[in-house]
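*Asks:* A structural model of the following input is requested.
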Amino acid sequence: MSAEDKMSADDRRPGPLESRRIRGGMHVSRESGIGAGVLAIAVIVLMLQVTVGGVAFSGLSSSVAAYALVVATAAFGQGVVMLSGGFDLSIPWTMTTAALLLTRFADGSDSAALWVIPAVLLLGAAIGAANGLGVVILRLPAIVMTLATNVVVQGLVLLYTEGSAQGVAPPVLGSLTNDRVGGIPASAIALVVLLVAGSVLMSGTTFGRRVAAVGASPRTAFLSGVNNARVVVAVYAVSGLCAALAGILLAGYSGQSTLNMGDPYLLPVIAAVVLGGAAVTGGRGVFLGTLAGAVFIGTVQSLLATMSVAPAWRTVIFGCVILFSAVVLQPGTLTWARGLVSNARSRAEGKGRDGNVPNELVEGEPVS
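*Replies:* Below you'll find the model as predicted:
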């Protein structure tokens, strides 16, 4: 084999780092995602027990479930995009557009919703696909492309609606987000359905594995036969579809649509994905963690409102909680904590030789 052929073969062979990322990425994300879920549930139960009573808990659980359903729906699409190594900032006005069009054309009619909802979902998927085509064909950074799309969609919608929202949401959507089934919030049941569907799509299908491969190493995925461009367009289409569905659910929860109603959801959606253990750089993520992050954020928001915290302080506390949780849930932080405990335990067990505790533990010096 000539030197050129050998160099070409080495060039095609994925490096050890790339191979390790593909093999280990989903394993790490599963651990951190489950950790996020356990932490979220523990904090939720503790805060609810300390803060509110039985009657308040009933109403609070419904509002948390409804808020979490909207956030988790949009976060699933954002999570798929981030798993592939991208980012979607067009979610706010995709949600707003879906809500405005739903109330305008359905206007409280369940029968009209039968054709309006599919049409709005297709429009959301088309907006997402346009993002993907811009990233693939124009080779624009995902942040630039999706932010530009968000602004363009905002302008077009404002021109079409002339700056006013019309109509009300169909009653069937209000039942989905506000009613109870056997004492359980219907939105909580919808969350379980969403969890099962999202987990099956990302963990049990070829599409999910290809998305993770592209996010872990586009070069290795391409050499493995994955059509990277098609995957990128598909993930942005999924994100647009999920954002439109989140907008529909939000309109059903509030009973109407308003301008800019999707803007407050961009940060919670991104935070839910990050709290769930996803890597911003791609290749790592699990939907169980994303859903737990959405429930956690919904609980924090609702409890702060229940405690009559001033809006300014509510924003500060909300941001600090997200920052703290994101730092704690980083895989490196968990590994460091386990190592610290292991070292302390090893040194403590070493006192059996002379019956004394090591000096560094008594004096409070850091354990190496």
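
*Asks:* where in the stretch 201-350 of the chain is pLDDT low?
*Replies:* Applying pLDDT under 70 to the stretch 201-350 of the chain flags the ranges 281-283, 325-326, 328-338, 349-350.

*Asks:* what segments of it are helices?
*Replies:* 206-216, 218-223, 228-254, 266-275, 287-306, 311-328, 331-349 (DSSP state H, counting those that start in this stretch).

*Asks:* now those in JSON lines, with distance to residue 111?
*Replies:* All C-beta atoms are positioned from the backbone trio N, CA, C, and that covers glycine. As requested, the helices of the stretch 201-350 of the chain are exported to JSON lines (distance: least, CB to CB, whole Å):
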{"stretch": "helix 206-216", "distance to residue 111": "34"}
{"stretch": "helix 218-223", "distance to residue 111": "45"}
{"stretch": "helix 228-254", "distance to residue 111": "16"}
{"stretch": "helix 266-275", "distance to residue 111": "31"}
{"stretch": "helix 287-306", "distance to residue 111": "31"}
{"stretch": "helix 311-328", "distance to residue 111": "40"}
{"stretch": "helix 331-349", "distance to residue 111": "50"}
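
*Asks:* now these in JSON lines, with mean neighbour count and distance to residue 132?
*Replies:* Supplementary listing: those in JSON lines, determined by neighbours: other CB atoms under 10 Å; distance: least, CB to CB, whole Å:
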{"stretch": "helix 206-216", "mean neighbour count": "22", "distance to residue 132": "12"}
{"stretch": "helix 218-223", "mean neighbour count": "18", "distance to residue 132": "14"}
{"stretch": "helix 228-254", "mean neighbour count": "26", "distance to residue 132": "3"}
{"stretch": "helix 266-275", "mean neighbour count": "25", "distance to residue 132": "18"}
{"stretch": "helix 287-306", "mean neighbour count": "25", "distance to residue 132": "20"}
{"stretch": "helix 311-328", "mean neighbour count": "14", "distance to residue 132": "27"}
{"stretch": "helix 331-349", "mean neighbour count": "12", "distance to residue 132": "29"}
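
*Asks:* ok, which of those comes nearest residue 140?
*Replies:* helix 228-254 (11.9 Å; CB to CB).

*Asks:* tell me what the strand or helix carrying residue 195 is packed against?
*Replies:* Remark: residue 195 resides in helix 186-203, with elements defined by DSSP states H and E. The elements that helix 186-203 packs onto, with contact taken as 3 or more CB pairs under 8 Å, 6 or more residues apart in numbering; DSSP states H and E, are helix 54-83, helix 171-178, helix 206-216, helix 287-306.
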